[in-house]
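Student: pasted the sequence and its predicted model underneath.
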Amino acid sequence: MSSDAAIDPGISGQAAPDAHEQRAFGFWLYLMSDAIIFALLFATFAVMVNNTAGGPAGKDVFSLSSTFAETMLLLFSSLTFGLATLATKAEKSGRVLAWLCVTFLLGLGFIGLEIREFADMVEAGAGPDRSGFLSAFFTLVGTHGLHVSFGLIWILIMACQIAVKGLSVPVVSRLSRLGLFWHFLDIVWIGIFSVVYLPGIL
């Protein structure tokens with residue numbers, strides 16, 4: 001920080017909000033680039049969906065009950081993160097930590113079910129090397145799963161920061177970006193459920 005900023009408190013007071021706004025704008029750009037990546041993966045799946053190479057199709061390997069459970073876990077995790085956001089605005093750090101904990105557990109349950117689904121498919125001979133359809137499926141759903149896993153790590157980091165630093169302006173700014181990321185993953189999963197699983201099962 002310059003000596004002028006140290007002399008004039010107005011300068012430093014404006015610098016922090018500007019920095020957080022710039023980070024938020026940069027994060028929106030990241031989400032846009034991520035959306036393009038997922039759009040390409042969706043397009044690839046749409047092209048490859050019928051290329052089963054004589055192997056299993058969606059109706060042979062997808063489980064509606066398992067997929068529905070995954071969907072409910074992720075939807076409720078988005079709801080609990082929203083409650084964490086409301087607690088942040090009310091400056092209730094204890095409630096924020098509690099709701100983040102619930103969000104983490106729901107997200108962890110989602111990843112657990114997804115790993116089990118992948119393991120069952122591979123065991124049944126429906127691995128990503130079996131056909132173009134399965135390669136596209138594992139790539140799309142696996143990429144989303146990796147994003148959720150990264151989000152879980154981010155939640156743990158934010159929980160530690162809240163516990164140590166409280167709801168300071170930088171912490172709240174990071175938490176808001178995490179919220180954008182988590183809700184974005186929820187939207188992507190709804191697309192996966194609607195485009196990949198439902199047509200494959202029905």
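Tutor: Arrived safely.

Student: give me the phi and psi for residue 129.
Tutor: Torsion angles at residue 129 (phi, psi; degrees, to the nearest 10) stand at phi -90, psi 0.

Student: from the chain's centroid, how far away is the host helix or strand of residue 68?
Tutor: Secondary structure here is read from DSSP states H and E; on that basis residue 68 sits in helix 64-89. Averaging C-alpha positions (C-alpha atoms, centre = their mean, to the nearest Å) puts helix 64-89 11 Å from its chain's average.

Student: buried residues in the helix ranked longest in the chain, which are they?
Tutor: With DSSP state H setting the assignment, residue counts place helix 9-48 as the longest helix in the chain. When neighbours are counted by 16 or more other C-beta atoms under 10 Å, the buried residues of helix 9-48 are found to be 20, 27, 34, 38, 41-42, 45, 48. Just so you know, the C-beta spots here come from the backbone N, C-alpha and C atoms, and that holds for glycine as well.

Student: same check, this time on stretch 49-62
Tutor: When burial is assessed from 16+ other C-beta under 10 Å, stretch 49-62 yields the following buried residues: 49, 52, 55-56, 58, 61-62.

Student: ends of it, how far apart?
Tutor: The first and last residues of stretch 49-62 sit 13 Å apart, counting by C-alpha to C-alpha, to the nearest Å.

Student: before we move on, back to that, mind putting the buried residues of helix 9-48 into JSON lines with distance to residue 105 and pLDDT?
Tutor: Listed next are these as JSON lines, based on distance: C-beta to C-beta, whole Å; pLDDT from 0 to 100:
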{"residue": "20", "distance to residue 105": "29", "pLDDT": "68"}
{"residue": "27", "distance to residue 105": "25", "pLDDT": "88"}
{"residue": "34", "distance to residue 105": "24", "pLDDT": "95"}
{"residue": "38", "distance to residue 105": "25", "pLDDT": "97"}
{"residue": "41", "distance to residue 105": "27", "pLDDT": "97"}
{"residue": "42", "distance to residue 105": "29", "pLDDT": "97"}
{"residue": "45", "distance to residue 105": "30", "pLDDT": "95"}
{"residue": "48", "distance to residue 105": "34", "pLDDT": "94"}
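
Student: just the closest of these to residue 171, please.
Tutor: When the buried residues of helix 9-48 are compared for distance to residue 171 (C-beta to C-beta), residue 20 comes out closest, at 10.9 Å.

Student: hey, which helix or strand in the protein has the poorest pLDDT?
Tutor: One helix or strand of the chain scores below all others by mean pLDDT, DSSP states H and E: helix 3-7, with a mean of 40.
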